[in-house]
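K.L.:
the amino acid sequence is not available; the structure is as follows:
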């Protein structure tokens, strides 16, 4: 559902507009997932706003700060080839978006084997491109 309030161009249905934005947003998140699978932060870096932040919980410990922490963690963790992301929700409101992503199958030096995380991303459309501005996460212990 397009949650925007602006007018739609003649011949352009609101659902088509949503699908265009939805596809662009999923490509942004797919770059994040590709970098996580490869253990290569440079693959995911273009998905993020330069001043992006992170906050969340892992094993009961709160993390908060610059997105650089994610890039460092991904590089130190190494490849996680069996990641299985699932989009639980994508909401688009004009130039902002919210994405809830469940990720199973984390592995690697830091993640261990078959770990699971829930991520909520906020995105901002800047100069026609969707960029992640914040990653909120919960690392599940089950």
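P.N.:
Perfect, I can see it now. Bear in mind the structure is a predicted one, so any value in this text is a computation, not a measurement.

K.L.:
which ones are touching the residue sitting nearest the centre point of the chain?
P.N.:
Central residue check for the chain by Cα atoms, centre = their mean: the C-alpha nearest the mean position is that of residue 29, 4.5 Å away. Residue 29 makes contact with 47, 85, 87, 99, 101, 121, 132 under the criterion Cβ atoms under 8 Å, 6 or more residues apart in numbering. No exception for glycine: its C-beta is placed from N, CA and C like everyone else's.

K.L.:
you'd agree residue 103 is up against residue 121?
P.N.:
No: when contacts are counted by Cβ atoms under 8 Å, residue 103 is not listed as touching residue 121 (11.6 Å).

K.L.:
just give the closest residue to residue 69, not the sequence neighbours.
P.N.:
Nearest non-adjacent residue to residue 69, counting by Cβ to Cβ, 6 or more residues apart in numbering: residue 54, 5.8 Å away.

K.L.:
sketch out the low-pLDDT regions of this protein for me.
P.N.:
Within the chain, the ranges that satisfy pLDDT under 70 run 1-15.

K.L.:
returning to that earlier point: which of the helices or strands spans the residue nearest to the centre of the chain?
P.N.:
For residue 29, the element it lies in under DSSP states H and E is helix 14-38.

K.L.:
now do the buried residues in that helix.
P.N.:
17-18, 21-22, 24-26, 28-29, 31-33, 35-38 (16 or more other Cβ atoms under 10 Å).

K.L.:
now, the most widely separated pair of these?
P.N.:
Spanning the widest gap among the buried residues of helix 14-38 are 17 and 38, at 32.5 Å by Cβ to Cβ.
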